[in-house]
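Asker: below: sequence and its predicted model.
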Amino acid sequence: MKQSQYFLKTTKTASKDEVSINARLLEQGGFINKEMAGVYTFLPLGLRVLQKIENIVREEMNAIGANEVLMPAMQPKENWQATGRWDSLDVLFKVESQHGYQLALGPTHEEIVTPLGKKIINSYRDLPLAVYQIQTKFRDEARAKSGLMRGREFRMKDLYSFHASEEDLGNYYKIVAESYKRIFTRLGIPALYVEASGGSFSKFSHEFQVETVNGEDTVFVCKGCNLAVNKEIFTDEKHCTDCGKKDYRETKASEVGNIFELKNKYSDSFELEFTDEEGNRNPVMMGCYGIGPSRCMGVVVEEHNDDKGIIWPKEIAPFQVHLISLSGNGPESSKISSTAEQIYTDLQASGVEVLYDDREEVSAGAKFADSDIIGIPARVVISAKTLAQSSAEIKLRTSSESELIPLTALLEKLNNV
RNA sequence: CGGGAACUGGCUCAAUUGGCUAGAGCACUCGGUUUGGGACCGAGAGGUUCCGGGUUCGAGUCCCGGGUUCCCGACCA
């Protein structure tokens, strides 16, 4: 992508009353634009990151046998009344149609997926099953805060599983937990596995929490095995569920995922049952499992930055290479431009994702500053200096050192950054 | 939803005790110069000072009501 044609504008200064790092850097870098408190546009650069995160989640969900679906954001009031949550869920957005009926904007999808399960599930032979979606959710938060960390409209991957027994549910729950650990590691935000309350869903649940100084949660981490406990259910007398020790360290963390054993809670509301081997009707055992990709994006920025900007982990960076041409107006100007152009073409042909800063009339310093805040892993500079040695300069965003690479070796080098 | 703070051009901020035609930097347009860390010179465009009332000869500034945003708390399926 040529930067001169990209829907992108960085700014030197962040909005004065934004405090959170992710909001400041993502807005300054031209990744997102705030429309209202807790509601953002994902600009091209930000959308690329979001889609990479979602694709990692998608890959891992597919790998554990879950089927992708897409359920509606607009949901019938009756379904929410059936579970009692039309009145009890305080963050539910209720929409009044001009034609006189009401509906809900989905904050989660038990009210859709459970009746949906009735269309597919009749027999124990139909079980187990798992479906997931990656979708925009709506929650009428009393207080949206901290950029992408708590929005009123946000992206969520929600997975629902259906089982013939609690035991089978428990087994799948563990499979999902392992899948989640892989996901967060791939995103560059390895997460703690945390015992927590289940809220209105279940007595207990497990959260995935990323240790970060600005975290909104407090967790206690077992020094023996690293299993953690959320402050909300922690007591001094508690022995670790996993290793039995009673030695913890306290830390701040941000929640990026949460998994629940719903069991028959929602099956009962919608009479989702199956016939077992003996011909008896039993409620389907359900689990639900959530990850917020947009929130994850915020947490990644909170964790991966320096005083100059964002430092994207390679796997979710919007581009792998930021190619910068410092063509200037000198005698070498056109040669520099044409060399950079050729490198850009070659990189694209070999499948490297490259953002090419081909802008003329922009100073070197401004281009470097932009490159730093955008945070692409590898920066490649073509200038009169580098061409004098038939080379390009490579600098990794994580490093302060740069390296001259002969143009003849550049492509191979960049295919392996 | 309780408490605190803020709101002036696209962005960041000025504006004395209530006083003249509301200023500057960034960004933008034109001309020139410049090209390895957010260059420089000149010219230009850009304003319902969040909204509505009130006090006053006079309100960006004071008072009342409302809105929005950020922060703390509550909440967090």
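Answerer: Received, thanks. Numbers count the residues shown, from 1 in each chain, chains lettered A, B, ... in the order given.

Asker: give me the neighbour count for residue A:20.
Answerer: 17 (other Cβ atoms under 10 Å). For the C-beta atoms, the positions are set from N, CA and C on the backbone; glycine is no exception.

Asker: quick check, pLDDT for it.
Answerer: Per-residue confidence at residue A:20 stands at 93 (pLDDT).

Asker: return the residues of the stretch 151-300 of chain A in contact with RNA strand B.
Answerer: A:197, A:198, A:199, A:200, A:201, A:216, A:217, A:258, A:260 (Cβ under 7 Å from any atom of the strand).

Asker: among those residues, which are in strands?
Answerer: A:197, A:198, A:217, A:258, A:260 (DSSP state E).

Asker: next one: phi and psi at the residue in the stretch 101-250 of chain A positioned nearest to RNA strand B?
Answerer: Residue nearest to RNA strand B within the stretch 101-250 of chain A (Cβ to the nearest atom of the strand): residue A:199, separated by 1.9 Å. Backbone torsions for residue A:199, taken as degrees, to the nearest 10, come to phi 60, psi -130.

Asker: so how far is residue A:133 from the closest residue to it other than its chain neighbours?
Answerer: Using Cβ to Cβ, 6 or more residues apart in numbering and skipping the chain neighbours, the partner closest in space to residue A:199 is residue A:205 (7.3 Å). Here the criterion is Cβ to Cβ, to the nearest Å. By it, residue A:205 lies 20 Å from residue A:133.

Asker: one more: residue A:323?
Answerer: 36 Å.

Asker: can you check residue A:14 too?
Answerer: With Cβ to Cβ as the criterion, residue A:14 and residue A:133 are 33 Å apart.

Asker: could you do residue A:410 as well?
Answerer: On the measure of Cβ to Cβ, residue A:410 and residue A:133 end up 42 Å apart.

Asker: again, but for residue A:373
Answerer: Remark: distance between residue A:373 and residue A:133 (Cβ to Cβ) = 33 Å.

Asker: hmm, the strand or helix carrying residue A:344 touching RNA strand B?
Answerer: Element membership for residue A:344 (DSSP states H and E) is helix A:333-349. No. Judged by Cβ under 7 Å from any atom of the strand, helix A:333-349 makes no contact with RNA strand B; its nearest approach is 7.9 Å.

Asker: using PDB, list the CA coordinates for that helix.
Answerer: What follows is helix A:333-349, C-alpha atoms only, in PDB (Å, rounded to 0.1, in the frame of the first residue of the first chain):
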ATOM      1  CA  SER A 333      16.000  12.000  -6.500                       C
ATOM      2  CA  SER A 334      14.500  10.100  -9.300                       C
ATOM      3  CA  LYS A 335      16.900   7.200  -8.900                       C
ATOM      4  CA  ILE A 336      15.900   6.900  -5.300                       C
ATOM      5  CA  SER A 337      12.300   6.900  -6.100                       C
ATOM      6  CA  SER A 338      12.500   4.400  -8.900                       C
ATOM      7  CA  THR A 339      14.700   2.100  -6.700                       C
ATOM      8  CA  ALA A 340      12.200   2.300  -3.800                       C
ATOM      9  CA  GLU A 341       9.300   1.700  -6.300                       C
ATOM     10  CA  GLN A 342      11.000  -1.400  -7.600                       C
ATOM     11  CA  ILE A 343      11.600  -2.800  -4.100                       C
ATOM     12  CA  TYR A 344       8.000  -2.100  -3.300                       C
ATOM     13  CA  THR A 345       6.800  -4.100  -6.300                       C
ATOM     14  CA  ASP A 346       9.200  -6.900  -5.600                       C
ATOM     15  CA  LEU A 347       8.200  -7.200  -2.000                       C
ATOM     16  CA  GLN A 348       4.500  -7.300  -2.900                       C
ATOM     17  CA  ALA A 349       5.200  -9.900  -5.500                       C
END
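
Asker: can you list contacts of the helix or strand following it?
Answerer: Counting by DSSP H and E, the next helix or strand C-terminal to helix A:333-349 is strand A:354-357. Contact with strand A:354-357 is made by A:1-3, A:6, A:318-325, A:340, A:344, A:347-348, A:367, A:370-371, A:374, A:376, as judged by Cβ atoms under 8 Å, 6 or more residues apart in numbering.

Asker: just the ones of these in strands?
Answerer: Using DSSP E to define strands, the subset of these located there is A:321, A:322, A:323, A:324, A:325.

Asker: can you tell me how far the fourth one is from residue A:196?
Answerer: Taking Cβ to Cβ as the criterion, residue A:324 is separated from residue A:196 by 46 Å.

Asker: helix, strand, or coil at the spatially closest residue to residue A:61 that is not a sequence neighbour?
Answerer: Residue nearest to residue A:61 in three dimensions, not counting chain neighbours: residue A:132, with 5.0 Å by Cβ to Cβ, 6+ apart. When classified by DSSP: H, G, I helix; E, B strand; the rest coil, residue A:132 comes out as strand.

Asker: residue A:132: how many residues sit nearby?
Answerer: The burial count for residue A:132: 26, using other Cβ under 10 Å.
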